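Engineer: Prediction below, plus the sequence it came from.
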Amino acid sequence: MSTSATCPHAHDISGLREPKLSQSVHREECTQCFDNQDGPAGIDVCLVCFNGSCLDSDRHHTRNHVLRSGHSFTLNVKRTPKKKASNRADGEEPPAKMKKLAINEEREEDKYDHTTVFKCWKCDLQGGKEIAIDVANTKRLTDGVMLSLSSARQSEVKAWEEEITACEHTLCLEQLQSGAIPQEGDNQLPDQECVLIPTLGLAHCASCELTSNLWLCLACGALGCGRAQFGGTGGNGHALAHFNTTQHPVCVKLGTITPEGGADVYCYACNDARIDPELATHLSTFGINVAVQKKTEKSMTELQIEQNLLFDFSLTAEDGSALQPIFGAGATGLSNLGNRHTIASYSCYMASVIQTLFSLPLFQIRYYGKRPCGTSSAYVSPTAAAHWENCTHALPADCLECQMYKLADGLLSGRYSKPHTDHEQAPTDALAHPTPEHTPWQAGLKPAGFKALVGKGHAEFSTMRQQDAEEFFSHLLTVLRRFNHQNTRGVSESEPTEMFAFGLEQRLQCQSCHRVRYRVDTMDALSLGVPAHELADGEADTGAATVGTPDESGPGKKRYRSVSLEQCLNLFLGPSGQEALEYQCEGGCGKVNAVRYAHTVQSTQRLPNSGLRQMQFATFPDVLVLHAKKFQLVNWVPTKLDIPVILPENDELNLDNYLGHGLQSGEVELPDSSNTSAPSQPEVDAEALSQLEAMGFPTVSCRNALISTGNAGAEVAMEWLIMHMEDPDINVPIQTGGSGNSNAPEPPAEQVAMLADMGFTNAQAKKALRETDGNVERAVEWLFNHPDDTGEDNSPATSSSETKKVPPGSSRLPARYRLKAFISHKGPSVHSGHYVAHIHDAVGDWVLFNDEKVVRADETSVRDLKKLAYMYVFERE
């Protein structure tokens, strides 16, 4: 990099504009690798588009950006930590670990010094030339870059702002009661039911004796207990019962009201936390003056933070020694995202899935070009370098391919997997899970850009809340496939997500005419119901072998009989997985009224004239993902059950007996109903449908929920179900016109263009939109489920048996698998608590990825946690 005070292009600087509020300023980190402002070279921020790029001599990200964009001026930003004087005396204990929300945030300028330099790349295309410009432009542009929200912080703020909002029920609240709630000593009660002021400590639920977790109805003043919360906070759901009876939706949690007017407000109609802009006025109706209130109970967010800190995974071995941290290629941690000073966020679900994916050879080769063993820090993936030269996105932060290459380089190169030795200057996360004292650790990468891009537009993954790891796995595969389909115009030459895909054969037989139908659905994961048998106090576990199982029972902790993985497979696949269901026979047998059993059915009773459905593999994947569904609904909240699942010996799985063989000799096929002109039901997410059915909801209701929510996932559909359980048409199937519904209105041109940009023809886009009532999300799913349909109304692709889609995977035998990784979870719900990943490395050891901490796992913890895992990943031998 050359240095000069003069520049012949300096007059162009006056035309540069400081960033707008809506623009992301990438000043903290390179958008194409994890080099950041704390490095010796700092980050160059483009003064036109505000892209951040590094000056690494092997990657040339700043130079590439200048050549591709033509933007010539950058502001180099370097950050160095200030030396912090310790106020503690010798031998004084360090301050307690921060666990609450109400804490003072330390400003960045109090902790760091920043150095900024203007550079012109027209003068020096190799390294940029340092230039001096006039004082006015220096201050204007420097302040514009340094005082704006960074891209990571902007995404975080946006996510939290979207977390809790007002709703129509809080904005249009009608109050039915007037007059103060009686105080202690009052002899007369108003005609309507009322309660005592909570600050007196005498209030209790109107339907039981609970004195905590109390919710005041803001419409009529009724007081009821909430639902039992994670972590043991009691509740019998009487506030919910009050809503079901009166349809008064808005309530406030007593004990959380602050003088500033803050409180936990919940809307049962929306089934979510809300803001009441007029809370002080509404409370005054019942004689509650917010100015004199004192917060006496934890808010819902505080409870969740405490629980997430409580459910941690030990970083010590059985003998008490610290587990050995490891560093280098393929051993880089991912730090939890969020604002560590004010409120916690939970991205461990994402970190555990990402670490697992990038441990698989196909992902490594696709996005890194090779396996990480023996990799030099100077190595650059040839495919990544070629993509950087030809990327069509204006900003790498908006390109999923760029972000995947960035993740691969960060996780597999080993460039960032180094121990921190200076604990005073190393960034600390007050809400992170603790590390054994004096143990070296990594700072960990923060994939904030990746999370923002993958979660963009999604109701759950765009937020900063904890999410379900299995749902994120499915969502990520969908996002990658859509992007790659668009990028390759439908040609997937090296699509690593296909290693998970397999065909699941469904055999349906009418028990009246005994004719059959076979259908093959494409799946990426197999969700297995796990039978729950609660053990009584003192009862021995007589289930599968449980050698070495620790006794974790404690006061109030439920224990369950262990089951083998083979039992779970048999309950879903093969003859023992048959389920009776209500069935309309196309062969003329009429509608059969029969009881439908879930996949975890423990009885195979066959009713006369019923339909029987049986699942088997049509093909086997290269990598098999098993999802252990160990939860049940408690007060309409999915609650996780710690049921031990015992894996086969040596973690080896043989699936030969679960291979289906299609239509057999002597079987008569049922008529194909797909050629009829009768209305048909829209496509739904089979995996989400299975999850909802396992919770006990009727199939028709589940399908309606998924259709109404645009196949947004099981959790969103479940919330819809809870809100619409009383609808008279909840069990009436939603239908659309038959295939090739040419009478439907012409889809909007912008929707057609959106799908065409993904690589589909206009005819395919129009047909998909007609088939899905103009829902773009469902149209995309329809297109992926009908790849052979040309879009013509008389296209034979969807009706001809001669052009059936060949399912992914292979039906070759033997189908033997060995455990590669498992994702574990601690906590009462998959949407709270903490996720980690255990991965079997190349040398045969188990490695624990616990956010930024990467350690060699001990045999005891692996053996115990394996039985309580949430997801299992098996590689085919």
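Structural biologist: Noted; the coordinates are in hand. Numbers count the residues shown, from 1 in each chain.

Engineer: Now for this protein: which helix has the highest residue count?
Structural biologist: What stands out as the longest helix in the chain, according to DSSP state H, is helix 469-487.

Engineer: which helices and strands sit right next to that one?
Structural biologist: Identification of packing neighbours for helix 469-487 by 3 or more CB pairs under 8 Å, 6 or more residues apart in numbering; DSSP states H and E yields helix 348-357, helix 400-412, helix 448-455, helix 776-785, strand 869-876. Heads up, the C-betas are built off the backbone N, CA and C, glycines and all.

Engineer: residues of the last one that come out buried?
Structural biologist: Taking 16 or more other CB atoms under 10 Å as the neighbour-count basis, strand 869-876 is seen to contain the buried residues Ala869, Tyr870, Met871, Tyr872, Val873, Phe874, Glu875, Arg876.

Engineer: Distance of the last one relative to Leu362?
Structural biologist: Yep, that's Arg876 we're talking about. Computed as CB to CB, to the nearest Å, the Arg876 to Leu362 distance reads 12 Å.

Engineer: same deal with the fourth one?
Structural biologist: Between Tyr872 and Leu362 the distance is 18 Å, computed by CB to CB.

Engineer: For His114, which residues count as its bridge partners?
Structural biologist: Arg79 (DSSP bridges).

Engineer: Count the neighbours of it for me.
Structural biologist: The tally of other residues near His114 (other CB atoms under 10 Å) stands at 15.

Engineer: Three-state assignment for Arg68, please.
Structural biologist: helix (DSSP: H, G, I helix; E, B strand; the rest coil).

Engineer: which residues touch it?
Structural biologist: Glu389, Cys391 (CB atoms under 8 Å, 6 or more residues apart in numbering).

Engineer: pLDDT wise, what is it at?
Structural biologist: Arg68 is assigned a predicted lDDT (pLDDT) of 92.

Engineer: Please report how far it lies from Asp134.
Structural biologist: In terms of CB to CB, Arg68 sits 29 Å off from Asp134.

Engineer: same deal with His627?
Structural biologist: According to CB to CB, His627 stands 61 Å off from Asp134.

Engineer: in the stretch 251-400 of the chain, which spans are strands?
Structural biologist: 265-267, 272-274 (DSSP state E, counting those that start in this stretch).

Engineer: Which strands and helices lie in contact with the last one?
Structural biologist: In this structure, strand 272-274 makes packing contacts with strand 265-267, judged by 3+ CB pairs under 8 Å, 6+ apart.

Engineer: again, but for the first one
Structural biologist: Judged by 3+ CB pairs under 8 Å, 6+ apart, strand 265-267 is in contact with helix 168-171, strand 250-253, strand 272-274.

Engineer: Point out the most buried one among the ones you listed.
Structural biologist: strand 250-253 (a mean of 24; mean count of other CB atoms under 10 Å).

Engineer: Run me through the strand neighbours of that strand, direction for each.
Structural biologist: strand 214-217 (antiparallel), strand 265-267 (antiparallel).

Engineer: Mean neighbour count, the ones you listed: which tops it?
Structural biologist: strand 214-217 (a mean of 26).

Engineer: how far out from the middle of the chain is that strand?
Structural biologist: When distances are taken as CA atoms, centre = their mean, to the nearest Å, strand 214-217 is centred 31 Å away from the chain's centroid.

Engineer: now stretch 514-523
Structural biologist: Stretch 514-523 sits 31 Å away from the centroid of its parent chain (CA atoms, centre = their mean).

Engineer: ok, and for it, which residues are buried?
Structural biologist: Buried residues in stretch 514-523 (16+ other CB under 10 Å): Arg515, Val516, Arg517, Tyr518, Val520, Thr522, Met523.

Engineer: so what pLDDT did the second one get?
Structural biologist: On the pLDDT scale, Val516 is placed at 81.

Engineer: contacting residues around it?
Structural biologist: Contacts of Val516 by CB under 8 Å, 6+ apart are Arg507, Leu508, Gln509, Cys510, Leu663, Glu667, Val668, Glu669, Leu670.

Engineer: The same query, at a cut-off of 10 Å, please.
Structural biologist: Arg507, Leu508, Gln509, Cys510, Leu612, Gln614, Leu663, Gln664, Glu667, Val668, Glu669, Leu670 (CB atoms under 10 Å, 6 or more residues apart in numbering).

Engineer: Mind checking which of these are in strands?
Structural biologist: Using DSSP state E, Arg507, Leu508, Gln509, Cys510, Leu612, Gln614 are the members of those that sit in strands.

Engineer: Pull the most distant pair out of those residues.
Structural biologist: Cys510 and Gln614 (13.0 Å; CB to CB).

Engineer: Between the two, which has more neighbouring residues?
Structural biologist: Cys510 (22 against 18).

Engineer: Just give the nearest non-adjacent residue to the more buried one, would you?
Structural biologist: Distances taken as CB to CB, 6 or more residues apart in numbering place Cys585 nearest to Cys510, at 4.6 Å, with adjacent residues excluded.

Engineer: Identify the bridge partners of the one you found.
Structural biologist: Taking DSSP bridges as the rule, Cys585 bridges to Gly590.

Engineer: Could you number the chain from 7 rather than 1 from now on?
Structural biologist: Right, with 7 as the first residue, what we last looked at is Cys591.

Engineer: ok, it - how many residues close by?
Structural biologist: By other CB under 10 Å, 20 other residues sit near Cys591.

Engineer: What separation do you get for it and Ala762?
Structural biologist: The value you get for Cys591 to Ala762, if CB to CB is used, is 41 Å.

Engineer: for Gly850, same thing?
Structural biologist: Counting by CB to CB - Gly850 and Ala762 are separated by 49 Å.

Engineer: again, but for Leu418
Structural biologist: Leu418 is 35 Å from Ala762, where distance means CB to CB.

Engineer: So for these two, which sits in the more crowded spot?
Structural biologist: Leu418 (27 against 17).

Engineer: Direction included, what does the lengthiest strand in the chain pair up with?
Structural biologist: Taking DSSP E as the criterion, the chain has its longest strand at strand 822-832. Strand 822-832 has its sheet partners listed here by DSSP bridges as strand 658-660 (antiparallel), strand 840-846 (antiparallel), strand 875-882 (antiparallel).

Engineer: Which positions within it qualify as buried?
Structural biologist: Buried, per 16+ other CB under 10 Å, within strand 822-832: Tyr823, Leu825, Lys826, Ala827, Phe828, Ile829, Ser830, His831, Lys832.

Engineer: And the helices in the stretch 507-656 of the chain, which stretches?
Structural biologist: Ranges of helices in the stretch 507-656 of the chain, per DSSP state H, counting those that start in this stretch, are 571-578.

Engineer: ok, which stretches of it are strands?
Structural biologist: Under DSSP E, counting those that start in this stretch, the stretch 507-656 of the chain gives strands at 508-516, 522-529, 532-535, 540-541, 565-566, 569-570, 585-587, 589-591, 596-598, 617-623, 629-635, 637-640, 643-646, 651-652.

Engineer: mean pLDDT lowest for which of the ones you listed?
Structural biologist: Among those, strand 596-598 carries the lowest mean pLDDT (a mean of 54).

Engineer: Disregarding residues adjacent in the polypeptide, which is nearest to Glu466?
Structural biologist: Nearest to Glu466 is Gln473, by CB to CB, 6+ apart, at 5.5 Å.

Engineer: my bad, Val706
Structural biologist: Closest to Val706 by CB to CB, 6+ apart is Asn737, at 4.9 Å.

Engineer: hmm, back to that, which of the strands of the stretch 257-406 of the chain has the lowest average pLDDT?
Structural biologist: Minimum mean pLDDT among these: strand 278-280, a mean of 83.

Engineer: got the buried residues for stretch 690-705?
Structural biologist: 690-701, 703.

Engineer: Can I get it as CSV, trimmed to CA atoms?
Structural biologist: As requested, the backbone C-alpha atoms of stretch 690-705 are provided in CSV (Å, rounded to 0.1, in the frame of the first residue of the first chain):
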residue,chain,number,x,y,z
VAL,A,690,-48.7,-29.7,2.1
ASP,A,691,-45.3,-30.3,3.8
ALA,A,692,-45.4,-34.0,4.6
GLU,A,693,-42.8,-33.7,7.4
ALA,A,694,-44.8,-30.9,9.1
LEU,A,695,-48.0,-32.8,8.6
SER,A,696,-46.5,-35.8,10.4
GLN,A,697,-45.3,-33.7,13.3
LEU,A,698,-48.8,-32.2,13.8
GLU,A,699,-50.5,-35.6,13.6
ALA,A,700,-48.1,-36.9,16.3
MET,A,701,-49.3,-34.1,18.6
GLY,A,702,-52.9,-35.5,18.3
PHE,A,703,-54.5,-33.1,15.9
PRO,A,704,-56.9,-34.5,13.2
THR,A,705,-55.3,-35.0,9.8
